[in-house]
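# For reference, the sequence and a predicted model appear below.
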Amino acid sequence: MAKLNEPQFSTILIIEDEPEIRRFLRASLLGNDYRVLEAATGADGLQYAKHEKPAIALLDLGLPDMDGLTVIRKLRTWSSIPIIVLSARGNEADKIKALDEGADDYLTKPFGVGELLARVRVALRRVPDQDTATDDPFVLGELYIDFGRHQVFVGENEVHLTPIEHRLLVTLVRHGGRLVTHRQLLKEVWGPDSVFETHYLRVYMAHLRRKIESSPSRPRYLLTEPGIGYRLASE
């Protein structure tokens with residue numbers, strides 16, 4: 001385990017079996033005032049997660065004792081901490097599988113320090129749940145959402161959304177800038193019987209962008225991860 005910095009900084013758990021990658025991650029994170037815990041196996045990572053209560057887990061899928069997807073499933077039975085997958089498996093199917101199992105984000109190796117730190121900052125942001133903190137407004141650039149009154153503004157102009165459009169936008173906000181798969185969005189917005197109706201999502205996302213984006217073809221707020229899903233811009 002790496003030496004810990006001052007206690008006020010967020011703790012990040014690295015579950016990665018390759019020493020070189022752990023060193024790279026450790027240096028990048030400690031250099032930006034994060035605390036670091038390191039585990040070379042899934043079992044050790046789960047123990048750290050249980051007893052040390054890290055803020056985020058950075059998880060490799062190719063671990064020596066168990067598949068990273070198994071780690072995600074086990075962790076999700078008792079913890080909701082953000083999980084960012086770091087993997088050499090770059091195909092779309094692997095990304096979707098990890099996200100559907102409960103990962104919050106997915107970075108394909110190799111990646112740069114800047115991108116890693118940006119994803120970590122997004123994961124650390126806590127967006128209030130729509131059912132428990134609906135009186136707190138959400139602000140992102142010119143986008144303003146009043147949850148309590150079900151009102152959405154872009155600048156000074158109120159945007160009138162249909163119930164589905166509003167639910168879609170609020171769902172993305174609730175996920176706090178994290179990548180949300182098509183399947184997740186369909187389940188949360190339309191229900192479990194609609195998880196394969198991806199045309200619903202494309203149509204309503206296009207409608208929503210036309211209402212809140214100044215340039216729908218180059219969206220500022222509602223970002224696409226091709227073939228996987230959508231995320232709300234983080235800043």
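Looks like it arrived, so ask away. Model, not experiment: these values are computed from the prediction.
# Show the model's pLDDT score for the nearest residue to residue 16 once chain neighbours are set aside.
Distances taken as CB to CB, 6 or more residues apart in numbering place residue 60 nearest to residue 16, at 4.4 Å, with adjacent residues excluded. C-beta here means a position set from N, CA and C on the backbone, and glycine is covered the same way. Looking at residue 60, its pLDDT reads 95.
# List the contacts of residue 60.
Counting by CB atoms under 8 Å, 6 or more residues apart in numbering, residue 60 touches 15, 16, 17, 18, 21, 68, 85, 86, 87.
# Filter those residues down to the buried ones and hand me the ChimeraX line.
In ChimeraX syntax, the buried subset of these is picked out as below (16 or more other CB atoms under 10 Å):
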select :15,16,17,21,68,85,86,87
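# Just the ones of the contacts of residue 60 in strands?
Of the positions in the contacts of residue 60, 15, 85, 86, 87 sit in strands, assigned by DSSP state E.
# Okay, now the sheet partners of the helix or strand hosting residue 107, with direction.
According to DSSP states H and E, residue 107 maps onto strand 105-108. When pairs are called by DSSP bridges, strand 105-108 turns out to pair with strand 83-87 (parallel).
# Can you give the contact residues for the helix or strand just after the strand it pairs with?
Going down the chain from strand 83-87, the next helix or strand is helix 92-101, by DSSP H and E. Residues outside helix 92-101 that contact it (CB under 8 Å, 6+ apart): 61, 68-69, 72-73, 76, 85, 87, 89, 106, 108, 179-181, 183-184, 227-229.
# okay, the angle between helix 92-101 and strand 83-87?
Angle of helix 92-101 versus strand 83-87, following axes from the mean of the first three to the mean of the last three CA atoms, to 10 degrees, is 160 degrees.
# buried stuff in helix 92-101?
94, 95, 96, 97, 98, 99, 100, 101.
# Contact partners for the residue lying closest to residue 137 once chain neighbours are set aside?
Leaving out its chain neighbours, the residue that sits closest to residue 137 by CB to CB, 6+ apart is residue 146, at 5.2 Å. When contacts are counted by CB under 8 Å, 6+ apart, residue 146 touches 137, 152, 153.
# Drop anything exposed from the residues you listed.
Neighbour counting by 16+ other CB under 10 Å classes 152, 153 among these as buried.
# Could you export the strand or helix carrying residue 12 as PDB, CA atoms only?
Using DSSP H and E, residue 12 maps to strand 11-15. Coordinates of the C-alpha atoms in strand 11-15 are reproduced here as PDB (Å, rounded to 0.1, in the frame of the first residue of the first chain):
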ATOM      1  CA  THR A  11      -9.000   8.000  -1.200                       C
ATOM      2  CA  ILE A  12      -8.800   6.000  -4.500                       C
ATOM      3  CA  LEU A  13      -8.400   2.300  -4.600                       C
ATOM      4  CA  ILE A  14      -6.400   0.800  -7.400                       C
ATOM      5  CA  ILE A  15      -7.200  -2.900  -8.200                       C
END
